[in-house]
Every structure is written in structure tokens, then in C-alpha cells.
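Q: I'd like to go over a predicted model; first the sequence, then the structure.
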Amino acid sequence: MFKEAIITFFTAMMPVVECRGAIPYGVLAGLSVPAAFIISVLGNLAPIPFAVVFIRRFFEWLRTINSFFDKIVSWFEAKAERNKGKVLQYEFWGLVLLVAIPLPGTGAWTGALVAAMMDMRLKRAMPAISLGVLIAAIIVTTLTYGAGAMLSL
């Protein structure tokens, strides 16, 4: 079970996949629903402080490599810019909502990117992103395994 837990943790760290893919993977790999839930939430949150603090510097460095990476960075920045208005309008709760909706283009990585683009401090962004990840994980678990699965947490 240790191997499955580690893979679930690292799966949750991946942009786009996050808890949406890690929770079902963990359960299919043999973890209990509560274990998959907790490991996925922790894995999803693990890289976020680094992303909030360093993503702008990382993007600046990527732009210097070649035009391909410049296009990728521009795409991510445009994605963050599209979501920035919602977050600015509602600040903390806007960031929670952006992260909490378990659909493509939302999640902890997008929230970290938007927070970084808004120059939001980590101590303000991290609680909002954490709450959003927790809500998203609850939604994914409930939709995938039913409300009874949430009672076992």
C-alpha cells in the first residue's frame, strides 16, 4: 500500500490532474476512500507554496529559453488573466471558488498562478487555496463514490 500511496500523492501534485484524478486513482489502486482523499489533498497542496512564491521567476526564466516556452508561458498567463477578474472581485472567496470547482482550468495550480499574478502574499493565498482544494476533494469524492463515502472520513 505504501507504493500506491506515494503514486497517489505525486499524481495529486500534477497540474490538471490534481485531486480530480488522484482520488479515483488511489481508490482503484487499493487505498480506502479516506486514505485516497487525505493523501490526494496533501499531495495537491504540497507544491502550491512554491508555485505561489516562485512561479513568476520561473516563467521569466522559461521565456529566455526559446519561443516555444514563451508561447506556453503566455498561454498560462492568459489563463490566469481570464480568471483574475473573478478572484479580484471577491478576493479570498473568489480564490476559494476558483480552486474549489473541479473542472479543467481550475484547481490549486490555477489558483496559485492567479494569486502570483495578483501579487497576493502566500499567507493570504494559501488558506484560500487550501480551502478550495478541500472543497474540490469533497465534491470529487461525493460525485465518484457517493455521499456515504464522505461519512467514512
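A: Received the coordinates, thanks.
Q: drop to CA atoms for contacts and neighbour counts, all remaining ones
A: Will do.
Q: wouldn't residue 101 be in contact with residue 137 here?
A: No: if you go by C-alpha atoms under 8 Å, residue 101 and residue 137 don't touch, sitting 9.6 Å apart.
Q: the more surrounded of those two?
A: The neighbour comparison of residue 101 against residue 137 (other C-alpha atoms under 10 Å) goes to residue 137, with 26 against 18.
Q: tell me who's in contact with that one.
A: 19-20, 23, 37, 40-41 (C-alpha atoms under 8 Å, 6 or more residues apart in numbering).
Q: three-state assignment of it?
A: When classified by DSSP: H, G, I helix; E, B strand; the rest coil, residue 137 comes out as helix.
Q: how far away is it from residue 21?
A: 10 Å (C-alpha to C-alpha, to the nearest Å).
Q: so which of the contacts of residue 137 is the most crowded?
A: In terms of neighbours by other C-alpha under 10 Å, the contacts of residue 137 top out with residue 19 at 37 neighbours.
Q: that one contacts residue 45, correct?
A: No: between residue 19 and residue 45 there is no contact under C-alpha under 8 Å: 9.8 Å.
Q: overlap of the contact sets of the two?
A: Common contact partners of residue 19 and residue 45 (C-alpha under 8 Å, 6+ apart): residue 133.
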